[in-house]
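**Q** need a structure here:
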Amino acid sequence: MLLVWSSKRKFSNLLPSANIPDFKITSISAHDCTTKLQMGNFPCLYAALEMKRQIGFYLTQTYIPTVLIVVLSWVSFWIDLHAIPARISVGLLTVLTITTQSSGVRSELPRVPYTKSIDVWMSACLVFVFAAYVEYAFVTVLSRRYKKFSNSSGNSNSNSSATNTSSRESLNTSSLYHIYEEQVTGIMHKDREGKPRLSRTMSRASLLTGRDVGHLVDKISRYFFPVAFVVFNLCYWLYYVEY
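**A** So this is what the prediction gives:
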């Protein structure tokens, strides 16, 4: 059997109806690789097709949907902090959606031992969505501790005022100061025993500034997450555009 390339049609010609949705053929090379051995000649024809992956297919099927999912996770920052069902639903929905999207994309691509650009993209989107979900838990803890410390401070101030009023006729100024100091010391001692250092510091900062740190973190996240995602996109596209 003898195999040769056709002399009527070049090997580089492509049929008009032949196309691949996510690849573009850039070059074709071919040659005769017939091997001569002691047993005889083994005919062989070799052709190499160099293809370049088209971004349009993945742009509409992967990149744009994942960007919308990440943007959807930022909606929770604008929802009221006390709307617990709404914020949990948005966070959980986006995390599950981006996980499903990532699994679907990776199942369609070949398994390779190195990290692909799409792997970096999907992992980063998952981190952004998960961070937005964890942010709500962190903000909720800060807000609850702020309310608890505010109530404790208000109760201690009211109790101190009632004690001072009832005992003003029988106690002098030094005695009143001593009682107030004992009450404040007891509250601070109880706080040191039962609260973590970070939460205690944040709660005291809230009391000193008169503002809920949880709401403040929520407002900062409204701008921090979009800016961080834009910076990631700039680094990602500038690095992988060469490929």
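**Q** from residue 82, how far off is the nearest residue to residue 214 once chain neighbours are set aside?
**A** Nearest non-adjacent residue to residue 214, counting by Cβ to Cβ, 6 or more residues apart in numbering: residue 143, 3.3 Å away. (Each C-beta comes from the backbone N, C-alpha and C, glycine too.) To residue 82, residue 143 is 8 Å away according to Cβ to Cβ, to the nearest Å.
**Q** looking at those two, which has the bigger crowd around it?
**A** Taking other Cβ atoms under 10 Å, residue 143 and residue 82 do not tie; residue 143 has more neighbours (19 against 9).
**Q** next, the more buried one: secondary structure please.
**A** helix (DSSP: H, G, I helix; E, B strand; the rest coil).
**Q** hmm, it is touching residue 215, no?
**A** Yes. Here residue 143 reaches residue 215: they are 6.9 Å apart, a contact under Cβ atoms under 8 Å.
**Q** mutual contacts of the two, please.
**A** Shared contacts of residue 143 and residue 215 (Cβ atoms under 8 Å, 6 or more residues apart in numbering): residue 81.
**Q** quickly list what's touching both of residue 143 and residue 82.
**A** In contact with both residue 143 and residue 82: no residue, using Cβ under 8 Å, 6+ apart.
**Q** mind checking how far the residue lying closest to residue 45 once chain neighbours are set aside is from residue 43?
**A** Leaving aside its chain neighbours, residue 45 sits nearest to residue 3 (5.2 Å; criterion: Cβ to Cβ, 6+ apart). With distances taken as Cβ to Cβ, residue 3 is found 4 Å from residue 43.
**Q** neighbouring contacts of stretch 79-92?
**A** 72-73, 75-76, 129, 132-133, 136, 139-140, 143, 214-215, 218.
**Q** with stretch 102-117 instead?
**A** 62, 118-119, 122-123, 125-126, 236, 240, 243.
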